[in-house]
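[1] heads up, no residue letters with this:
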């Protein structure tokens, strides 16, 4: 967990890279709960994503789960390394295991700080 990140209650993280550009990934908590990730389905580049709605799918040896967008925006890049090597979500969820890059206009008010996300996952 990282202090400069924001978190959703759906266990995605958001890292603001620059004005209007953010990176989205799955938290280490979610990766741990999922078990060994074997497949990741991501939205198309130039596709629109909407906060709180499905943006893809993640499959592990235990289950298949939807990925939910934590913000509104347009996908500018997908992490091809994660598509080819889905286990990066487990081994490096905050670095090499990022999912997508997005341009956005505003961040939703319901994103959590690291401390609030930690409290949420412990409750």
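    The structure has been received and is ready for your questions. Everything numeric in this text was worked out from a predicted model, so none of it was measured.

[2] who touches the nearest residue to residue 113 once chain neighbours are set aside in this structure?
    In this structure, residue 113 finds its nearest non-sequential neighbour in residue 6, 7.1 Å apart by C-beta to C-beta, 6 or more residues apart in numbering. Backbone N, C-alpha and C define where each C-beta goes, glycine included. Each residue near residue 6 by C-beta atoms under 8 Å, 6 or more residues apart in numbering is listed here: 13, 14, 15, 16, 70, 107, 111, 112, 113.

[3] for residue 6, report the pLDDT, please.
    Note on residue 6: pLDDT of 97.

[4] quick check: it vs residue 87, distance?
    Distance, residue 6 to residue 87, by C-beta to C-beta, to the nearest Å: 25 Å.

[5] hmm, back to that, quick check, nearest of the contacts of residue 6 to residue 62?
    residue 13 (20.9 Å; C-beta to C-beta).

[6] count the neighbours of the closest residue to residue 101 other than its chain neighbours for me.
    Of all residues not flanking residue 101 in the chain, residue 77 sits nearest, at 4.1 Å (C-beta to C-beta, 6+ apart). Here the number of neighbours of residue 77 (other C-beta atoms under 10 Å) works out to 14.

[7] residue 77 falls within a strand, correct?
    Yes: counting by DSSP: H, G, I helix; E, B strand; the rest coil, residue 77 is part of a strand.

[8] in this structure, which helix has the most residues?
    Criterion DSSP state H: the longest helix present in the chain is helix 114-122.

[9] could you find the closest non-adjacent residue to residue 49?
    In space, residue 49 is closest to residue 69, 4.0 Å off (C-beta to C-beta, 6+ apart).

[10] which ones are touching the residue positioned nearest the centre of the chain?
    The structure's the chain has its C-alpha centroid closest to residue 25; by C-alpha atoms, centre = their mean the separation is 2.5 Å. Contact analysis of residue 25 by C-beta under 8 Å, 6+ apart lists 12, 13, 15, 89, 93, 94, 97, 98, 99.

[11] pull out the buried positions in the longest helix of the chain.
    Using 16 or more other C-beta atoms under 10 Å as the test for burial, helix 114-122 gives 117, 121.

[12] for that helix, the averaged confidence score.
    According to the model, helix 114-122 has a mean pLDDT of 95.
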